[in-house]
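[1] Any chance you could fold what I've pasted below:
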Amino acid sequence: MSNWRDAILRQLTNPAARLTLVADPDGLLREEGLLEGIRELGFSLLAFEDAVAFRYVYETQFRSHWDRGEAIGSGVIVHVQADDLSGLPYDLLQAGRRLAFNLGEIFPNLSYPVVVVLDRGDLDALYEAQHLYAPGQLGDNATKEFVLRHVFAIAPELIRQPPALLQLLLRRHYQGQKIPEQLEQRLIQLLRKNPDWAEWPLEILVTDREQFFSFLQERWPLFLNQLAAGGDFIGRETRVEPACGQLPGPAFLPFDHQDIRVYIDTLFIEGILQPVPHPQAAALVGTWAGVGVESNPGADRKQRWEKLLTRVADMIPGPTARHEAWLQFARGWAELIGLRCEEEEAGSEPDPRFREMQARVDGAFASWLCDRYAGLISLPPTPPVLLNQLPRFLARQLAAGQERIALLLVDGLALDQWGIVREELSRQRPGLRFREKAIFAWIPSITSVSRQALFAGKPPAFFPNSIQTTDREAAQWLQFWLDQGLAHNQIAYAKGLGEGKAAVLEELLAQTKLRVVGLVVDVVDKIMHGMELGTAGMHNQVRQWARQPFLAGGLDQLLERGFRVYLTSDHGNVEAEGWGRPSEGALANVRGERVRVFSDARLREQVQQRFPGSIAWLAVGLPGNYLPLIASGRKAFVREGTRIVTHGGISVEELIVPLVEIEGSES
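    I've put the predicted structure just below:
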């Protein structure tokens, strides 16, 4: 059986045309697998969203070449996410072949309003189920139930016991299943038909990942009490009333059920749940639940290291993985890096297995990026995948009714270092809640490229004249929001923030009409560029900084003024070893430690020959004359043997950065 993409690809290629115009109201051409198929066929996909930006790319990268009689791949596909092509310029309508695709044609028997809200990655399972089970014409609720069963493997009528419900919630939230809100509500309605779930706060547990894990964390000590006492607690009807910071619901959960244990063990290993102290810790450590009990810090850390090392090794995505797999992997990888640094601080010898795994991860990620990174640019911005998509995502939050939004960029903060910041913020402000995701930085992962793309809300190809500097960021941020309909006095930007700048932030936020504010905190980047003690030293210094009052106090100010706060970074950092300096001198436009950038392909090739294994990165989303040469693995373009902490390359730590929504206790 063919998949749903095949029919679309056949229409695009039979016959092939130099210019194809596609009306695609459901964004099918921006699905990751279909994008890969389009690229493999040699086509370039251009989204018509911003008319000026589109015209710049179309004229410079395609039309000018055609006018000179030069062929550019198999052709260009202009994508319009609308029901028709009437919004396109006249010259395109005259020259291009016209096509249209929509989900109603692919799933004619299912309710369109239900299918359209699904993540495009879920369409494969739905397409297969449609052909296997031939459901006939289904209405809204029947389609929702068909999707729940065959896409998400949820049969609500079979969930009759607490272990089954808990397993459903664990699977959903641990795997990060993207279940649309209307399907979540239908699932809750169906579960509510069972009176056994009357005391369960399903409206919270089904929909809110962070609250669900808080629910588990609060009940874990009660389970340990029962385990230590040797009591049989499964199925007890005892309930606890909501206390301060406590969610309502059953007091006792079947953590030791065979279908639940594997999840609980993994949650503690990956740091999603935190071990707790217990008077009977010595006895509990010898049980399966010992991973969730504080005992001997050194022994606990070593045990967790061994388990997490094995777990992360099994998580490394393959060459055809979707981008979400790498985002999820990066979180486990960050936890492993944090544990390694703790081991180093405790005086443990380096574990050679970590270096071996590091090489595996670097190789797998670099290979995946070379094949798949170009497709990330064309993915829709909800949720945002690349940093330049984040402003558009925030604009949708404003359009949906959010009054005020703050984007807090901590320059140079890696995902593993965010874990330290989160821990320190939680100690200072226990009421804060963190909705954690991750996002891809730009390649090369340097500030003038990646941070500028974020504040401009555009790929770097659209700011060729300022790509060497960050001086235009404030103007680009302002222009983006003016284009969204905001006024000058509703927009603010400030950089260079850190300790000693609390008054600057307070004065900025005193502007009562502000609706969006972009803030750059540069302390971590400064720590990195002066670091001589490697990744473990970075962790130590980031912890010391996070303990200072500026960050927590700044969050207080933002949250008290009603801002929805998003924290992110423009790039991370890695510990790298020098393999020599290129001798190209002033001929390189950027002379970074992990990347050199050239405007001449021949010069880049000459330098690459002197550094075997370095990567001549394609100008994906970059100006045509901006040609990066990236150091491979954990190498750097500095004096041979020198060890530094730096950025600019394509490791997981440099390229996948935190994206965290921070809420106050009353949010």
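[2] use CA for all of it now, contacts and neighbours both
    Will do.
[3] okay, now the domains of the protein?
    Using automatic domain parsing, the domains assigned to the chain come out as 4-101, 152-273, 303-368, 377-572, 576-646.
[4] For the stretch 151-300 of the chain, which segments count as helices?
    Ranges of helices within the stretch 151-300 of the chain are 162-175, 181-192, 202-205, 209-229, 258-269, 281-284, 297-315, based on DSSP state H, counting those that start in this stretch.
[5] With the stretch 1-150 of the chain instead?
    Along the stretch 1-150 of the chain, counting by DSSP H, counting those that start in this stretch, helices occupy 4-13, 32-40, 51-58, 64-67, 90-95, 103-106, 112-115, 123-133, 140-150.
[6] Any chance of the domains of the chain in JSON lines with mean pLDDT as columns?
    Output for the domains of the chain, formatted as JSON lines (pLDDT from 0 to 100):
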{"stretch": "domain 4-101", "mean pLDDT": "91"}
{"stretch": "domain 152-273", "mean pLDDT": "88"}
{"stretch": "domain 303-368", "mean pLDDT": "93"}
{"stretch": "domain 377-572", "mean pLDDT": "94"}
{"stretch": "domain 576-646", "mean pLDDT": "89"}
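[7] I'd like to know which of those domains is closest to residue 653.
    When the domains of the chain are compared by C-alpha to C-alpha, domain 377-572 sits nearest residue 653, at 5.5 Å.
[8] so where do the helices sit in the stretch 351-500 of the chain?
    Under the criterion DSSP H, counting those that start in this stretch, the stretch 351-500 of the chain contains helices at 352-376, 390-399, 415-428, 447-456, 473-483.
[9] same thing with the stretch 551-667 of the chain?
    In the stretch 551-667 of the chain, the helices defined using DSSP H, counting those that start in this stretch lie at 601-610, 652-655.
[10] Residue 100: which of those is closest?
    When the helices of the stretch 551-667 of the chain are compared by C-alpha to C-alpha, helix 652-655 sits nearest residue 100, at 35.5 Å.
[11] returning to what we had before: save the helices of the stretch 151-300 of the chain as JSON lines, and put in mean neighbour count and distance to residue 133 too.
    Below are these laid out as JSON lines (neighbours: other C-alpha atoms under 10 Å; distance: least, C-alpha to C-alpha, whole Å):
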{"stretch": "helix 162-175", "mean neighbour count": "18", "distance to residue 133": "24"}
{"stretch": "helix 181-192", "mean neighbour count": "16", "distance to residue 133": "20"}
{"stretch": "helix 202-205", "mean neighbour count": "17", "distance to residue 133": "30"}
{"stretch": "helix 209-229", "mean neighbour count": "18", "distance to residue 133": "32"}
{"stretch": "helix 258-269", "mean neighbour count": "17", "distance to residue 133": "29"}
{"stretch": "helix 281-284", "mean neighbour count": "16", "distance to residue 133": "49"}
{"stretch": "helix 297-315", "mean neighbour count": "16", "distance to residue 133": "33"}
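[12] For residue 128, which of those helices is the nearest?
    helix 181-192 (19.4 Å).
[13] rewinding a little: what would the helices of the stretch 151-300 of the chain look like in CSV with distance to residue 642?
    Formatted as CSV, these follow (distance: least, C-alpha to C-alpha, whole Å):
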stretch, distance to residue 642
helix 162-175, 40
helix 181-192, 52
helix 202-205, 50
helix 209-229, 42
helix 258-269, 34
helix 281-284, 45
helix 297-315, 28
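[14] now for these, which one comes closest to residue 115?
    Proximity to residue 115 (C-alpha to C-alpha) singles out helix 181-192 among the helices of the stretch 151-300 of the chain, at 10.3 Å.
[15] Indicate which one of the domains of the chain is closest to residue 127.
    Across the domains of the chain, the minimum distance to residue 127, taken as C-alpha to C-alpha, is reached by domain 4-101, at 6.7 Å.
[16] Bridging across strands, which residues link to the residue nearest to the spatial centre of the chain?
    For the chain, residue 438 is the residue whose C-alpha lies nearest the centre (C-alpha atoms, centre = their mean; 2.6 Å). Note on residue 438: beta-bridge partners by DSSP bridges are residue 658.
[17] From what I see, it and residue 326 are in contact.
    No - checked against C-alpha atoms under 8 Å, the pair residue 438 and residue 326 is beyond contact range at 9.6 Å.
[18] Quick one: closest of the helices of the stretch 151-300 of the chain to residue 246.
    helix 209-229 (6.9 Å).
[19] tell me the angle of that closest one relative to helix 258-269?
    Counting by axes from the mean of the first three to the mean of the last three C-alpha atoms, to 10 degrees, helix 209-229 lies at 110 degrees to helix 258-269.
[20] name the helices or strands packed onto the helix or strand that contains residue 517?
    Per DSSP states H and E: residue 517 is located in strand 516-521. Strand 516-521 is packed against strand 404-410, strand 491-497, with contacts defined by 3 or more C-alpha pairs under 8 Å, 6 or more residues apart in numbering; DSSP states H and E.
[21] what's the most buried one of those strands?
    Ranked by mean neighbour count, the helices and strands packed on strand 516-521 are led by strand 404-410 with a mean of 23 (mean count of other C-alpha atoms under 10 Å).
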